[in-house]
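> only geometry, no sequence info:
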């Protein structure tokens, strides 16, 4: 029997024996005669699907504030760029510094390479160790492949590893067996946007796999030289060796050209930049019993940014060159064991080793790889002291080559007032290692051809210490399942200390920029995350963050007067708000709308002080269904509200309204 | 004498077996009279025919033997003289020996049930370890009955009610689960529990049908039907249910390990106990009429606490659950 896929909820279930029940019975009883069922099914093993590592921690047991961006939010958001989804997270800021290069940070204090965030895709860190941050548009991942994004707001090194500094973005992709079939998606729209995404997912014996391909191009900002194109291939395979052992492998490769530059800017002329990126990942998971498993994982990321240019006019008659290009790679091996010790005690612990490598003739004046090894041990112990009292104790010790070992502890107490209301008190510290660029920067304007340095622009001379953050928070989580409401609030105080600051070295010849440890930034604030599903077809999300920040650091070293200090107070926008609402009508049509507000912010590095950002998006989706296929057609209106000509990251990056048409087709 | 009838029946069935039934065509069954060396005419034998060598059959047969002995130890009379005689179906071995004084045949599993069915022994037979759908196909004569391997709908519905106060059960039905459906929906109706279901004609449609089902229901009941629930589909079923926060009720211990929230099932020991009680009751009674097929009397519940915790579902412990499920509904 085939039921139409109309969406009124009440049309397809039956109180008691309806006509449907009888007719279905008569059809199937005939077939059943030929195949008597034996007892093996009742006693045979089946693969462990929901291993302990695949299960998410319930929010009221979590030692930190967590925002989950699920499929419903992704579908409703109307986001074209993955990074746009992070605007939904309370306290998060997203900047588009070109039409294809993005930065995303929690509590501001970021330049184009937001170095304060750990970002994982299926347990693989995509943080770039050389310049820091994440090259979002190089990732071989489409939003359609995401199961959910768990964002931990605040430091959490004990469970998510190095660099879980001001937050962790944990992206979990869908298992291929949930996607079986072919999907084609195209997006066309303003700003020269053309996108095509193809996916094939299937299974062969014990192997389930996905192969995805994407091409994406756009012209970026009207006001910028920032057209781009990207193409990538991504593969995921899940092989079930037996009922308890499973292998996950993923690999991907991408490349693209991204234009960048400003008119009449000798240090940032108009130019194309070539990006290539690839990765491979292999993970073996053994499930020992429910709540008890371990995995061993290896991955390798590689990234190359080809960015250099010559200039024959500025220093005429000299023909000079400058570049920002570099190669970066990371090898990582990790063992993690999750174990339920008894009904009240649970533990996750692990060991890891990592090698980061970077090279760049333009950025480090060397053509060989600079390497840095790291070793780490981590554990988080969860102890339910009483039915309503949960203690989380965690920590990570990490030792980087040529740095002192550091320990990032975490302690949190969750007190359940009743079934619905939970209070959380937590204190934590986490470290951020300097990037290769901060530690080893050595950049000059050179003579074209001979590469003879003419003018030193960057030169780090000190062995930097990691900067660290101390965070204290009082959180509240209300989970009102009866009405589909989750309310998450927190008051926090954060102190970033021993900051890694970019400073002009006044005493050095040619006064290059250099990196030093200097200054601190204090952030006090209040955040609200609200999710309300009044019905299975309606959803409301609110993210709200109010902060007050103050701090300073050295801008020119050694400092002799007050303007040699950089005031950091405006690095964090005082107010950020996001709203997302969606509803599906009886006709099947889905209407959703998102609104984002960000106060004025002072972006660090080459970013500017930009005024308030306001963006209002609307998405309208019509699903349709054929015999062996289904799909949907969406109209996406981005930034259509009043005052929509805001500046994003750079003064020159002026947004305007954008209209996109998105079509999706699936064959089962 | 029954023994003569057995021989005749056997020869007849043997002929029919050898004249072209593929499944057992290679196998030659030999029936001999086993003369008890102890020679008591009063002795009765319970024949247990297993479908294979797997531990589950051994556990049941052994347990049955022990329990019969211990329950009879205190009693006088005929009870003492009952013997449990074990046989194992073996596709490569060509003999099947049924003792002459067999008063009750117990088959364990489908193969054994089919063999006895084909032999047409005429002996009172109870089929155990047999899924209800297969029992419905096999049971033709009045001197055969069954203790199903499946759990009764009532029990599953009560469990659903313990997971959430307002259960809405989702069913994916395949070729082997069609017979479950009618009874299940009738029982659900009695308890005012709404049920959504989809008929899976081809395995490829499990994905889209499941997606629809998960939008409507808040509990998915996994059914013992390999045309729907198998190694290929289980990932999608368990993952999608989990992602939609829909807990799965499974029908085996393996389901709980794999990621079902909870399973209700009968362990071999529990089936053995049921069989013991059944045998004693039947042999002690004067009647030769077998009771109707029944669902397993004893059962276990197993919870995956990690899944329960992750889904934010708090459940009473397993013993309490069994207690709740065994209590009569308070009508």
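It's in. Treat the numbers as computed from the prediction; the structure is a model and nothing was measured.
> and the residue nearest to residue A:109 when sequence neighbours are not counted, what pLDDT?
With Cβ to Cβ, 6 or more residues apart in numbering or on different chains as the criterion, residue A:109 has its nearest non-adjacent residue at 4.4 Å, and that residue is residue A:571. Yep, even glycine has a C-beta here, placed from its N, CA and C like the rest. As predicted, residue A:571 sits at a pLDDT of 96.
> where does chain B have low pLDDT?
Residues of chain B meeting the criterion pLDDT under 70: B:1-42, B:74-80, B:93-95, B:328-331.
> which helix runs longest in it?
For chain B, the helix with the greatest residue count under DSSP state H is helix B:55-73.
> off-centre distance for that helix?
Distance of helix B:55-73 from the chain centroid (Cα atoms, centre = their mean, to the nearest Å) equals 17 Å.
> what parts of the stretch 301-450 of chain A come near chain B?
For the stretch 301-450 of chain A, the residues in contact with chain B (Cβ under 8 Å from any Cβ of the partner chain) are A:340, A:343.
> quick check: mean pLDDT across the helix or strand harbouring residue A:663?
Using DSSP states H and E, residue A:663 sits in strand A:658-667. Across strand A:658-667, pLDDT averages out at 96.
> the residue nearest to residue A:109 against residue A:602, yeah?
Yes - assessed by Cβ atoms under 8 Å, residue A:571 is found in contact with residue A:602 at 5.5 Å.
> packing partners of the longest helix of chain B?
Counting contacts by 3 or more Cβ pairs under 8 Å, 6 or more residues apart in numbering or on different chains; DSSP states H and E, helix B:55-73 is packed against strand B:44-50, strand B:82-88, strand B:102-108, strand B:125-130, helix B:268-284.
> of residue A:571 and residue A:602, who's got more company?
residue A:571 (24 against 18; other Cβ atoms under 10 Å in any protein chain shown).
> tell me the contacts of the closest residue in space to residue B:59 that isn't next to it in sequence?
Leaving aside its chain neighbours, residue B:59 sits nearest to residue B:268 (4.2 Å; criterion: Cβ to Cβ, 6+ apart). The contact partners of residue B:268, by Cβ atoms under 8 Å, 6 or more residues apart in numbering or on different chains, come to B:56, B:59, B:60, B:63.
> quick check: domain ranges of chain B?
According to automatic domain parsing, chain B comprises the domains B:2-148+B:270-284, B:153-265+B:299-326.
> could these be laid out in TSV, adding mean neighbour count?
Shown next, in TSV, are those (neighbours: other Cβ atoms under 10 Å in any protein chain shown):
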stretch	mean neighbour count
domain B:2-148+B:270-284	18
domain B:153-265+B:299-326	21
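> Throw the ones you listed into TSV and include distance to residue A:405, thanks.
TSV is the format used below for the domains of chain B (distance: least, Cβ to Cβ, whole Å):
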stretch	distance to residue A:405
domain B:2-148+B:270-284	51
domain B:153-265+B:299-326	33
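> relative to residue A:390, which of those is closest?
Closest to residue A:390 of the domains of chain B is domain B:153-265+B:299-326 (Cβ to Cβ; 11.1 Å).
> and that closest one, how far apart are its ends?
Start and end residues of domain B:153-265+B:299-326 are separated by 13 Å (Cα to Cα, to the nearest Å).
> what's the answer for stretch B:114-130, then?
So stretch B:114-130: terminal residues 10 Å apart, Cα to Cα.
> show me where the stretch 151-300 of chain B has helices.
B:153-163, B:178-190, B:206-216, B:234-243, B:253-258, B:268-284 (DSSP state H, counting those that start in this stretch).
> equivalent analysis for chain A, please.
Going by DSSP H, chain A shows helices at A:19-32, A:40-43, A:71-77, A:157-160, A:436-440.
> lowest average confidence across those helices, which one?
Averaging pLDDT over each of the helices of chain A puts helix A:19-32 lowest, since it has a mean of 36.
> one step back: and the helices and strands packed on helix B:55-73 as TSV, adding distance to residue A:628?
TSV is the format used below for those (distance: least, Cβ to Cβ, whole Å):
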stretch	distance to residue A:628
strand B:44-50	45
strand B:82-88	47
strand B:102-108	43
strand B:125-130	37
helix B:268-284	43
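> can you tell me the closest non-neighbouring residue to residue 170?
Going with chain A. Using Cβ to Cβ, 6+ apart, the nearest residue to residue A:170 is residue A:150, at 4.4 Å.
> not what I meant, chain B
Nearest non-adjacent residue to residue B:170 (Cβ to Cβ, 6+ apart): residue B:217, at 3.2 Å.
> so the one you found touches residue B:168, yeah?
Yes - using Cβ under 8 Å, residue B:217 makes contact with residue B:168 at a distance of 4.7 Å.
> report the beta-bridge partners for the nearest residue to residue A:157 once chain neighbours are set aside.
In space, and not counting its chain neighbours, residue A:157 is closest to residue A:408: 3.8 Å by Cβ to Cβ, 6+ apart. As for beta bridges, residue A:408 partners with residue A:396 under DSSP bridges.
> surely residue A:408 touches residue A:159?
No - applying Cβ under 8 Å as the test, residue A:408 and residue A:159 come out as separate, 10.6 Å apart.
> between those two, who's got more neighbours?
Comparing residue A:408 with residue A:159 by other Cβ under 10 Å, the one with more neighbours is residue A:408, at 26 against 23.
> contacting residues for the more buried one?
Taking Cβ under 8 Å, 6+ apart as the criterion, residue A:408 is in contact with A:155, A:157, A:158, A:164, A:395, A:396, A:397, A:398, A:428, A:429, A:430, A:431.
> how close does the fourth one get to chain B?
Distance of residue A:164 to chain B, given as Cβ to the nearest Cβ, to the nearest Å: 21 Å.
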